[in-house]
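>>> I would like to see how this sequence folds:
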Amino acid sequence: MVLTFQSLNRLFTQRFSKALTIGTVCCSALLPSVVPAFAAEKVVLTYGPFARSVPIQEFETLASTGKATGELAELLKLAKEDPKEAQQFLTYDVKVDPITVDGVLNTAPGEFLLSELAKVVHTKSDRANVQALRSALVLSASKNDSLTLLELLQNYPTAELYIDGVQLKKDVKEVNSLLGSVHSYLNHLQCNCSSASAFAPTGQ
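Below is the predicted model of the structure:
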């Protein structure tokens, strides 16, 4: 459980926010309407053949009060994780606008990033994972121009959100190099956009 909170925080906040910041320069697409037919009701944490189901409400309670309840309290106790630290991971806030999020996630590196994240966070059927992640991220940003891990969980567009602990443990070792590549690619786009704007005709 310690690995899950810390790794997801790293995946969806610190490095990802840098990519979104750079992407702002190049993203001017109109924001589509994103209204999920469902909202996640529980998170299913899997590790090989084992699975534990935690209602979203327990994450919301932890985020707002710093106190763990129910199944989540048991998992945190078993993992010897401080609920206050878990609260910080859930509520860590990345300031981004929804147009930026939508634009970045519709670039080639953004699609690749989503496909890698979808190996860890996925639907019960393990289908349409990229679309579900994109929808959750854009919807989260559209509400208050920010992203948190809690909002991602809340806005995931299926009743159950699955987190693969085995895949997360494997991918976290590679995430820095992956996001570094995305960062470099978006930086390249920024340079190209800046050069193009310098030679763009001005209005009369």
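
>>> Wait, L75 touches R52, no?
Yes. Assessed by C-beta atoms under 8 Å, L75 is found in contact with R52 at 6.3 Å. For every residue, glycine as well, the C-beta is placed using N, CA and C.

>>> Now do the shared contacts for these two.
Residues touching both L75 and R52 by C-beta atoms under 8 Å, 6 or more residues apart in numbering: L45.

>>> List the buried residues of the helix or strand where E116 lies.
According to DSSP states H and E, E116 maps onto helix 108-117. The neighbour-count check on helix 108-117 (16 or more other C-beta atoms under 10 Å) flags P109, G110, L113, L114, E116, L117 as buried.

>>> for stretch 39-50, same thing?
The neighbour-count check on stretch 39-50 (16+ other C-beta under 10 Å) flags A40, K42, V43, L45, T46, Y47 as buried.

>>> try stretch 64-80
For stretch 64-80, by 16+ other C-beta under 10 Å, it's A68, E71, L72, A73, L75, L76.

>>> The third one - nearest residue in space that isn't next to it in sequence?
When the adjacent residues along the chain are set aside, L72 lies closest to E58, with 4.1 Å between them (C-beta to C-beta, 6 or more residues apart in numbering).

>>> now do K143
Nearest to K143 is E151, by C-beta to C-beta, 6+ apart, at 7.3 Å.

>>> What's the local residue count around the one you found?
For E151, the neighbour count with other C-beta atoms under 10 Å is 23.

>>> Mind telling me what element it is part of?
helix 149-155.

>>> now do S53
Assigned by DSSP H and E, S53 belongs to strand 50-55.

>>> which residues are contacting that strand?
With C-beta under 8 Å, 6+ apart as the contact definition, strand 50-55 has outside contacts at E41, K42, V43, V44, L45, G70, E71, L72, L75, E160.

>>> give me that answer again for 10 Å
1, 40-46, 61-62, 68-75, 78, 153, 160-163, 165-166 (C-beta atoms under 10 Å, 6 or more residues apart in numbering).

>>> lowest average confidence, helix or strand, in the protein?
helix 15-23 (a mean of 42; mean pLDDT, DSSP states H and E).

>>> after that helix, next one along is what?
Heading C-terminal from helix 15-23, the first helix or strand you meet, by DSSP H and E, is strand 42-47.

>>> neighbours around R134, how many?
22.

>>> For the remainder of this discussion, apply numbering that starts at 35.
Yep, numbering from 35; the last one is R168 now.

>>> Is the residue nearest to K177 in contact with D127, as I believe?
Yes. Counting by C-beta atoms under 10 Å, D127 is a contact partner of E185 at 9.3 Å.
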